[in-house]
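# I'd like to go over a predicted model; first the sequence, then the structure.
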Amino acid sequence: MDKVSLKERIIHISNAINLIEGFVEKTSEVDFLVDIKLQSAVQYQFLIIGEAVKHLDISVLEKYNYPWHIPRSFRNFIIHEYHGVRMERIYYASKDLNNLKEQINLILENEF
């Protein structure tokens, strides 16, 4: 099995953020709550973000001021508590990606 590089994982996170932002850009909370396909698409991208963060080198993450446990925990919550996920929470998380996006862009600029 091929080992995924740090840069590839950072790019996966960046791509997932961009997809989420594109998915929900012109979507209201009400529209999001009735669109099961959109909910599934956004959740899947959050899973990618959380899984990728989980495999990043801690020595790199420590250089950047971000609570890295949050995407990992959010991924775990979606996976393990799928039956209790409130879509409102997914929607608001999808609208609150600026800080993560900023840190990922800094990593891309500084580390590669």
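The structure has been received and is ready for your questions. Numbers count the residues shown, from 1 in each chain.

# contacts only, for His55.
His55 is in contact with Val4, Arg9, counting by CB atoms under 8 Å, 6 or more residues apart in numbering. C-betas here are computed from N, CA, C, even on glycine.

# could you pull out the helices for this protein?
Ranges of helices within the chain are 6-24, 29-34, 36-54, 58-61, 69-80, 87-94, 98-111, based on DSSP state H.

# quick one: mean pLDDT for the third one?
Helix 36-54 carries an average pLDDT of 97.

# any buried residues in that helix, and which?
Residues 38-39, 42-43, 45-53 are the ones in helix 36-54 that count as buried (16 or more other CB atoms under 10 Å).

# surely Trp68 touches Leu61?
Yes. The pair Trp68 and Leu61 qualifies as a contact (CB atoms under 8 Å) at a distance of 4.9 Å.

# quick check: neighbours shared by these two?
Joint contacts of Trp68 and Leu61 (CB under 8 Å, 6+ apart) are Val53.

# give me the more crowded residue out of the two.
Neighbour count, other CB atoms under 10 Å: between Trp68 and Leu61, Trp68 has more, with 17 against 14.

# return the distance of that one relative to Ile48.
Per CB to CB, to the nearest Å, Trp68 is found 15 Å from Ile48.

# now the buried residues of helix 36-54 as TSV including distance to Asn99?
Shown next, in TSV, are the buried residues of helix 36-54 (distance: CB to CB, whole Å):
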residue	distance to Asn99
Leu38	23
Gln39	23
Val42	18
Gln43	20
Gln45	17
Phe46	15
Leu47	19
Ile48	18
Ile49	13
Gly50	16
Glu51	19
Ala52	16
Val53	13
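
# closest one of the residues you listed to Lys7?
The nearest member of the buried residues of helix 36-54 to Lys7, counting by CB to CB, is Ala52 at 11.2 Å.
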